[in-house]
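*Asks:* model this:
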Amino acid sequence: MLECEDLPCADLRKMDEIYISRYNISLVANLRRMKQIGLKKWIKEQEKLYKCPECGGEISMHDNECFDCGNKYNPNINNRVGG
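*Replies:* Residues are numbered from 1 along each chain as shown. I've put the predicted structure just below:
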């Protein structure tokens, strides 16, 4: 587990770059959003973001595929929530 005194530290920036390139997800942006709106609201945003538009199931952030119906969908490209 990473513990940085200053956000984002070098290790977190490196992980962030990997997640941006592989999954179109910024860990740093997510942490800033959590701080901005609070954890409970951020979780609600994520639940909405990762809800399959076809069946309402949950989309995998790593596979961009619905666990229930198999729909291929990348919500980080197709449908941004929040700011």
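
*Asks:* So, low pLDDT: which residues of this protein?
*Replies:* 1-5, 78-83 (pLDDT under 70).

*Asks:* what about the longest helix in it?
*Replies:* helix 10-23 (DSSP state H).

*Asks:* and that helix, what does it pack onto?
*Replies:* helix 27-37 (3 or more CB pairs under 8 Å, 6 or more residues apart in numbering; DSSP states H and E). C-beta here means a position set from N, CA and C on the backbone, and glycine is covered the same way.

*Asks:* In contact with the residue nearest to the spatial centre of the chain: list those residues for me.
*Replies:* Centroid-nearest residue in the chain: residue 25, 5.1 Å away (criterion: CA atoms, centre = their mean). Residues near residue 25 by CB atoms under 8 Å, 6 or more residues apart in numbering: 19, 61, 76.

*Asks:* rewinding a little: just checking the distance from the longest helix of the chain to the centre of its chain.
*Replies:* 12 Å (CA atoms, centre = their mean, to the nearest Å).
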